[in-house]
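Engineer: coordinates only, sequence not included:
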């Protein structure tokens with residue numbers, strides 16, 4: 001199976017649901033986006049890593065892992081999102097120490113937070129991107145998007161966010177209705193909702 005490299009486009013959240021975040025990964029040589037729902041703590045950790053000039057006064061959990069790895073000469077070479085089951089993404093850290101390679105299982109949100117700190121590339125398999133990737137329409141208001149991303153990063157860094165498990169459920173919807181809702185969510189750029197709908201479709205296929 002061929003690997004596809006991904007970049008981090010940003011973090012999106014629902015205006016109506018506190019604590020609901022979607023990490024948006026972008027296909028490097030294509031137009032597809034891969035939204036992955038993540039927790040508030042992981043969203044904050046990724047946001048801080050994206051903001052190069054921000055340094056927390058005490059190391060966060062992912063910073064501690066990086067410091068620990070540096071002390072013992074362990075390098076994270078790459079992250080691979082290798083499996084998608086019932087809407088859940090599974091990832092692996094490809095690590096190396098003394099020229100010996102090890103593969104460590106990790107939650108995708110943690111793996112990406114660490115990839116940023118190690119400046120390691122992020123990959124997924126083509127069949128996963130074919131199944132879960134979403135084509136997003138190009139928005140000409142690029143400056144507005146950059147401003148929104150910047151504000152979101154600032155909020156994640158500055159605020160303590162309490163998760164809220166109240167999410168819209170789609171279990172009563174047909175596949176046809178879900179597909180229509182997915183198209184509407186993508187059109188309105190509600191990536192978090194789009195990710196939840198796509199995961200529900202994935203469970204049924």
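Structural biologist: Good, I have the coordinates. As the structure is a computational prediction, the values presented were derived from the model and not from experiment. Numbers count the residues shown, from 1 in each chain.

Engineer: Just confirm residue 56 is within a strand.
Structural biologist: No. Read with DSSP: H, G, I helix; E, B strand; the rest coil, residue 56 is coil and lies in no strand.

Engineer: thought it was touching residue 63?
Structural biologist: Yes. Using Cβ atoms under 8 Å, residue 56 is in contact with residue 63, at 7.2 Å. (Each C-beta comes from the backbone N, C-alpha and C, glycine too.)

Engineer: pretty sure residue 22 is in contact with residue 35, am I right?
Structural biologist: Yes. Assessed by Cβ under 8 Å, residue 22 is found in contact with residue 35 at 4.4 Å.

Engineer: So what pairs up with the residue nearest to the spatial centre of the chain in the strands?
Structural biologist: The centroid of the chain falls nearest to residue 23 when counting by Cα atoms, centre = their mean (3.1 Å). Beta bridges link residue 23 to residue 11, residue 36, judged by DSSP bridges.

Engineer: Over to residue 124?
Structural biologist: Bridge pairing for residue 124 - DSSP bridges - gives residue 4, residue 81.

Engineer: What distance do you get for it to residue 84?
Structural biologist: In this view, residue 124 and residue 84 are 9 Å apart by Cβ to Cβ, to the nearest Å.

Engineer: Not counting sequence-adjacent ones, nearest residue to residue 45?
Structural biologist: Closest residue to residue 45 apart from its sequence neighbours, by Cβ to Cβ, 6 or more residues apart in numbering: residue 113 at 4.6 Å.

Engineer: Just to be sure, residue 131 is in a helix?
Structural biologist: Yes. Counting by three-state DSSP, residue 131 falls inside a helix.
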